[in-house]
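Student: Sequence unavailable; structure follows:
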């Protein structure tokens, strides 16, 4: 292949190389675009994932609080049942005792007892009369004790009902707070599920873009290989042209050198004086001949 043909071949290869580079650069730009979009989606995904973790932690704390309130409410319910049972037994005891309630009031009975005791203390009585009076006090005291026991049971009833009311209020407060927190927990859970759905969608889109990125890069590989191949071809042809030019230059220099040497030797034969450059030329040739 002549030098002109090689130059023409280099021009053809250069044009082809330029077209391939343009195509490769276009594909690489498309791949970079896919990568940028993928990275942006992955960043959004990571941000959503952090939000999901925060929501989950918040929801779990609320659920733990709901669990605690449920336990407190259940404990209060158990105490309410205990108080109801105590109140039931107390009412039963009161009803039973009420059937034995004397017709006379406690005050009347107390006055009667005091009157008898005063009579015993202030009146001269026989043993039989005193014993009779003492015996008459006993049923009155029994009747008085029934009154006192009923008063005690009524007081206990009031206290139990007060405790029961307080427990019911506490239970209702636990229930209201529990319901409020449970509702908030559900709202956070729903919000978390929405973000999980959005994050899955982002991840799927990012995976698709990553796949397109890899496919696009694969498309660029054979082009890059072809570019390297053509670049190497151009490099070889340029080296061949430089080698040929170098050989041609040396050939021309050798021919010129031989011509100058011939002229110098003819000048020497004619006995003419040689210049320093001419003398040096002959000396170099002699040395090369010896080598």
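Tutor: Happy to help now that I have it. What you see is a predicted model; the values in this text were computed from it and never measured.
Student: tell me what the strand or helix carrying residue 191 is packed against?
Tutor: According to DSSP states H and E, residue 191 maps onto helix 127-269. Here helix 127-269 touches helix 3-98, helix 106-122, helix 276-290, going by 3 or more Cβ pairs under 8 Å, 6 or more residues apart in numbering; DSSP states H and E. C-betas here are computed from N, CA, C, even on glycine.
Student: chain center to the second one: distance?
Tutor: The reference is to helix 106-122. Centre-to-centre, helix 106-122 and its host chain are 86 Å apart (Cα atoms, centre = their mean, to the nearest Å).
Student: Contacts for it next, please.
Tutor: Helix 106-122 is contacted by residues 102, 104, 125, 130, 133-134, 136-137, 140-141, 143-144, 147-148, 151 when judged by Cβ atoms under 8 Å, 6 or more residues apart in numbering.
Student: Can you give me the neighbour number for residue 55?
Tutor: Other residues within reach of residue 55, judged by other Cβ atoms under 10 Å, total 19.
Student: how about the nearest residue to it, chain neighbours excluded?
Tutor: Spatial nearest neighbour of residue 55, excluding adjacent residues (Cβ to Cβ, 6 or more residues apart in numbering): residue 192 at 4.2 Å.
Student: who's in contact with the one you found?
Tutor: Residue 192 sits next to 52, 55, 56, 59 when contact means Cβ under 8 Å, 6+ apart.
Student: Spatially nearest residue to the first one, not counting backbone neighbours?
Tutor: It refers to residue 52. Among residues not flanking residue 52 along the chain, residue 195 sits closest, at 5.1 Å (Cβ to Cβ, 6+ apart).
Student: my guess is the one you found contacts residue 53, does it?
Tutor: No. Counting by Cβ atoms under 8 Å, residue 195 stays clear of residue 53, with 10.2 Å between them.
Student: ok, so what distance separates residue 271 from residue 260?
Tutor: Separation of residue 271 from residue 260 (Cβ to Cβ, to the nearest Å): 19 Å.
Student: between those two, which one's more packed in?
Tutor: Higher neighbour count among residue 271 and residue 260: residue 260, with 15 against 6, using other Cβ under 10 Å.
Student: what's around the residue lying closest to residue 223 once chain neighbours are set aside, how many residues?
Tutor: Closest residue in space to residue 223, ignoring its immediate chain neighbours: residue 24 at 4.3 Å, by Cβ to Cβ, 6+ apart. For residue 24, the tally of surrounding residues (other Cβ under 10 Å) stands at 18.
Student: is it true that residue 24 touches residue 225?
Tutor: No. Distance between residue 24 and residue 225: 10.2 Å, which falls outside the contact criterion (Cβ under 8 Å).
Student: related to what we said a few turns ago, just the buried subset of the contacts of helix 106-122, please.
Tutor: In the contacts of helix 106-122, burial by neighbour count holds for 137, 140, 143, 144, 147, counting by 16 or more other Cβ atoms under 10 Å.
Student: on that earlier part again, which of residue 195 and residue 53 has more neighbours?
Tutor: Of the pair residue 195 and residue 53, residue 195 is the one with more neighbours under other Cβ under 10 Å, namely 18 against 11.
Student: contacting residues for that one?
Tutor: 48, 51, 52, 55.
Student: Next one, pLDDT for residue 2 please.
Tutor: pLDDT recorded at residue 2 is 77.
Student: Skip the chain neighbours and tell me the closest residue to residue 154.
Tutor: Nearest residue to residue 154, sequence neighbours excluded (Cβ to Cβ, 6+ apart): residue 94, at 7.2 Å.
Student: now swap in residue 86 and tell me
Tutor: Using Cβ to Cβ, 6+ apart and skipping residues adjacent in sequence, the residue nearest residue 86 is residue 160, 5.9 Å away.
Student: wait, isn't that neighbour in contact with residue 88?
Tutor: No. Residue 160 is beyond contact range of residue 88, at 10.0 Å (criterion: Cβ under 8 Å).
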